[in-house]
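A.B. asks: predicted model follows, preceded by the sequence.
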Amino acid sequence: MESSDRPFAYYPNGTVLGGRYRIVGILGRGGMGVVYAADDLKLAGKLRAVKVIAPMPGGGGGRYAGEANMMMKISHQHLPVIVDYFPPHEQGCEVLVMEYIDGHTIAELFRSSCAGLTFMQIVHIGLQLCSALSHLHSHLPPIIHRDLKPTNVMIDSKWHVKLIDFSISRQFKAGQQQDTAQLGTVGFAAPEQEGTGQSDERTDIYGLGALLYYMASGGIIYKRTGGSRGGHEPFTHLQNDISNGFKVVLSRLLQSDPQLRYRSMLEVEEAIKPFLTPLLPDDPLFANTIINMRRPETRRILICVLSLAPGAGATFLSLTLAAMLGQQGISVTAAEYEHARPEWHVWLSGRKCLRKDGWEERIALDRRYAHYKQEERSVNWFSLLSGTNSESTHDEQRFEQMLRHAGGLVNLIDLSANWHEPDAHQLLKQARLVFVVGDPSVAKWQADELRQLNSLRQELQASGGKLKFIANKDLSFRGRNEWLSLFPERPHAIVPRLPEETMLTLQWNGRWAADDARLRKRLDQALLPIFKLLYKEINTD
């Protein structure tokens with residue numbers, strides 16, 4: 001493949017494109033360029049996806065100008081909104097500005113150990129794609145997508161489908177015998193895209209069939225038999241809940257001869273509709289079916305650590321748990337709660353084994369946070385920057401987006417004493433594990449807060465989560481037994497009070513308690529019940 005004459009320069013965080021779009025992080029990168037997250041400065045910091053396309057070999061005009069011009073004229077709920085376009089500038093890079101879609105592609109779902117989609121979920125996705133493609137085909141001349149594949153279909157946080165990437169789409173040209181270029185993706189491209197004819201609406205019908213097959217088979221790519229005009233393989237790989245009637249629909253979608261496929265996407269939609277449950281999309285039962293899909297983030301374990309009273313030690317235990325899990329090779333994303341008083345930066349800034357990444361990594365970061373990466377362990381740390389506040393109404397979404405893009409099998413959030421807030425309560429209800437930390441200073445405990453925690457424990461139990469208490473700063477004193485008896489249930493772990501002089505010395509030297517051999521031994525023993533519980537959750541399918 002010919003390379004560009006000019007090197008592709010990445011935009012650093014804070015760069016403002018077109019006087020409007022401020023780069024805040026990288027969403028992804030590939031051979032064609034980079035996709036950034038950016039604040040829209042004209043719309044109170046609304047998040048956008050900015051696609052910066054590398055220069056074409058030998059220079060020349062913009063390869064995405066056609067896509068931008070075409071998509072800016074189209075409005076449909078299952079198609080992306082193109083906000084802006086900048087033609088190649090002095091570096092030769094094009095810039096395509098789109099709505100930010102808070103979700104994942106179908107390919108990402110299956111790469112993240114997805115157990116598969118149910119038949120009803122596949123039908124639900126298929127009908128939304130039919131709607132998008134029918135809209136494209138209704139234009140004069142029809143717009144043909146030509147690249148239906150798992151990486152080009154996104155499901156957002158509300159489970160709305162978006163068909164993305166129109167870089168090889170084209171408008172149908174009457175009288176043309178075949179496409180000027182053979183484009184498409186092997187396993188999803190129709191036979192006529194291999195040079196046997198011109199692509200038209202039926203090309204997308206085949207592509208939809210190949211995509212539905214991929215989902216219905218648990219991620220297996222469809223393979224034709226007998227060449228471009230040959231037959232198709234028996235549907236032996238389809239999962240058990242796929243009905244025989246739907247297999248008939250798939251068979252017609254995947255005919256090698258375009259004449260034998262459905263004539264229009266409206267016909268496909270009518271063929272698929274009978275398989276849809278009579279429940280409405282906003283019906284709670286249907287919503288649960290969609291929400292319970294094995295998305296990458298639902299595969300992650302959310303842990304929240306909070307304190308019964310300020311100073312109980314939730315921050316210390318959050319940092320310690322994350323560090324010790326990382327030492328065991330478990331990938332962790334640990335973060336300070338977005339409305340907390342910034343404290344982590346004191347613990348993290350002095351660490352010799354951490355490097356401050358800023359916002360130039362692949363993660364789209366919330367600008368209120370600094371990102372630290374533990375080099376020898378699988379831990380990403382996000383600490384609040386001192387003196388930062390929410391600058392826009394959209395900052396509330398950034399916290400969860402930041403965690404999602406960072407990845408990690410375990411997401412650990414230090415709520416400390418800020419767990420009463422509505423946003424914090426929503427996080428707590430989503431958690432698999434909630435650890436409540438209490439120390440011997442029971443004068444700070446509040447009866448109504450204990451009642452709130454009891455209600456939360458019941459909510460978590462109903463959804464499969466757990467709430468456990470940790471007694472921290474344990475030492476021998478006359479009221480010790482009475483103190484431990486005041487917890488609503490027996491503490492799951494009892495952590496000893498560590499020597500304050502030793503702790504301060506470690507902190508000022510940029511080290512943690514787990515770095516000291518004697519303290520580490522005590523922590524290993526005290527936190528063993530917590531780690532057993534965590535490992536059980538991690539290994540529970």
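C.D. replies: Yep, that arrived. Numbers count the residues shown, from 1 in each chain.
A.B. asks: where exactly do the strands run in the stretch 51-200 of the chain?
C.D. replies: Under the criterion DSSP state E, counting those that start in this stretch, the stretch 51-200 of the chain carries strands at the ranges 82-86, 94-99, 103-105, 143-144, 153-156, 161-163, 170-171.
A.B. asks: mind checking which of those is nearest Ala312?
C.D. replies: If you check each of these against Ala312 by C-beta to C-beta, strand 103-105 wins as the nearest, at 36.6 Å. All C-beta spots, glycine's among them, are computed from the backbone N, C-alpha and C.
A.B. asks: need the CA coordinates for the longest helix along the chain. CSV is fine.
C.D. replies: What stands out as the longest helix in the chain, according to DSSP state H, is helix 517-538. Backbone C-alpha positions of helix 517-538 (Å, rounded to 0.1, in the frame of the first residue of the first chain) are rendered in CSV as follows:
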residue,chain,number,x,y,z
ALA,A,517,6.8,-5.7,53.4
ARG,A,518,5.6,-5.7,57.1
LEU,A,519,2.5,-3.7,56.3
ARG,A,520,1.8,-5.7,53.2
LYS,A,521,1.7,-8.9,55.2
ARG,A,522,-0.9,-7.4,57.6
LEU,A,523,-3.0,-6.1,54.7
ASP,A,524,-2.9,-9.4,52.9
GLN,A,525,-4.2,-11.1,55.9
ALA,A,526,-6.9,-8.5,56.8
LEU,A,527,-8.2,-8.1,53.2
LEU,A,528,-8.2,-11.8,52.3
PRO,A,529,-12.0,-12.1,52.8
ILE,A,530,-12.4,-9.2,50.4
PHE,A,531,-10.2,-10.7,47.7
LYS,A,532,-11.9,-14.0,48.0
LEU,A,533,-15.2,-12.3,47.4
LEU,A,534,-13.8,-10.3,44.5
TYR,A,535,-12.3,-13.4,42.9
LYS,A,536,-15.6,-15.2,43.2
GLU,A,537,-17.3,-12.3,41.4
ILE,A,538,-14.7,-12.2,38.7
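A.B. asks: related to what we said a few turns ago, Val305: which of the strands of the stretch 51-200 of the chain is closest?
C.D. replies: Shortest distance between Val305 and the strands of the stretch 51-200 of the chain, using C-beta to C-beta, is found for strand 103-105: 26.9 Å.
A.B. asks: mind giving me the packing neighbours of that closest one?
C.D. replies: Under the contact criterion of 3 or more C-beta pairs under 8 Å, 6 or more residues apart in numbering; DSSP states H and E, the helices and strands touching strand 103-105 comprise strand 153-156.
A.B. asks: any chance of a markdown table for the strands of the stretch 51-200 of the chain, columns mean neighbour count and distance to Gly218?
C.D. replies: Rendered in a markdown table, the data for these read as follows (neighbours: other C-beta atoms under 10 Å; distance: least, C-beta to C-beta, whole Å):
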| stretch | mean neighbour count | distance to Gly218 |
| --- | --- | --- |
| strand 82-86 | 19 | 33 |
| strand 94-99 | 22 | 30 |
| strand 103-105 | 19 | 16 |
| strand 143-144 | 24 | 28 |
| strand 153-156 | 20 | 16 |
| strand 161-163 | 22 | 19 |
| strand 170-171 | 18 | 32 |
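A.B. asks: looking at those strands, which one has the lowest mean pLDDT?
C.D. replies: When the strands of the stretch 51-200 of the chain are ranked by mean pLDDT, strand 170-171 comes last with a mean of 49.
A.B. asks: I'd like the next helix or strand past it.
C.D. replies: Past strand 170-171, further along toward the C-terminus, the next helix or strand under DSSP states H and E is helix 201-216.
A.B. asks: I'd like the next helix or strand past that following helix.
C.D. replies: Counting by DSSP H and E, the element after helix 201-216 in chain order, helix or strand, is helix 244-253.
A.B. asks: what are the contacting residues of that following helix?
C.D. replies: When contacts are defined by C-beta atoms under 8 Å, 6 or more residues apart in numbering, helix 244-253 is touched by residues 119, 123, 205-206, 208-209, 212-213, 216, 232, 235, 238, 260-262, 268, 271-272, 274-275.
A.B. asks: out of the residues you listed, which are buried?
C.D. replies: By neighbour count, with 16 or more other C-beta atoms under 10 Å, the contacts of helix 244-253 hold 119, 123, 205-206, 208-209, 212-213, 216, 232, 235, 238, 261-262, 268, 271-272, 275 as buried.
A.B. asks: ok, Lys51 - contacts?
C.D. replies: Contact analysis of Lys51 by C-beta under 8 Å, 6+ apart lists 33-35, 64, 95-98.
A.B. asks: would CSV of these with distance to Ala406 be doable?
C.D. replies: Compiled in CSV, the contacts of Lys51 are given as follows (distance: C-beta to C-beta, whole Å):
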residue, distance to Ala406
Gly33, 22
Val34, 18
Val35, 16
Tyr64, 29
Val95, 25
Leu96, 25
Val97, 24
Met98, 22
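A.B. asks: now do the strands in the stretch 351-500 of the chain.
C.D. replies: Per DSSP E, counting those that start in this stretch, the stretch 351-500 of the chain carries strands over the ranges 354-356, 369-374, 379-384, 410-416, 433-438, 466-474, 493-496.
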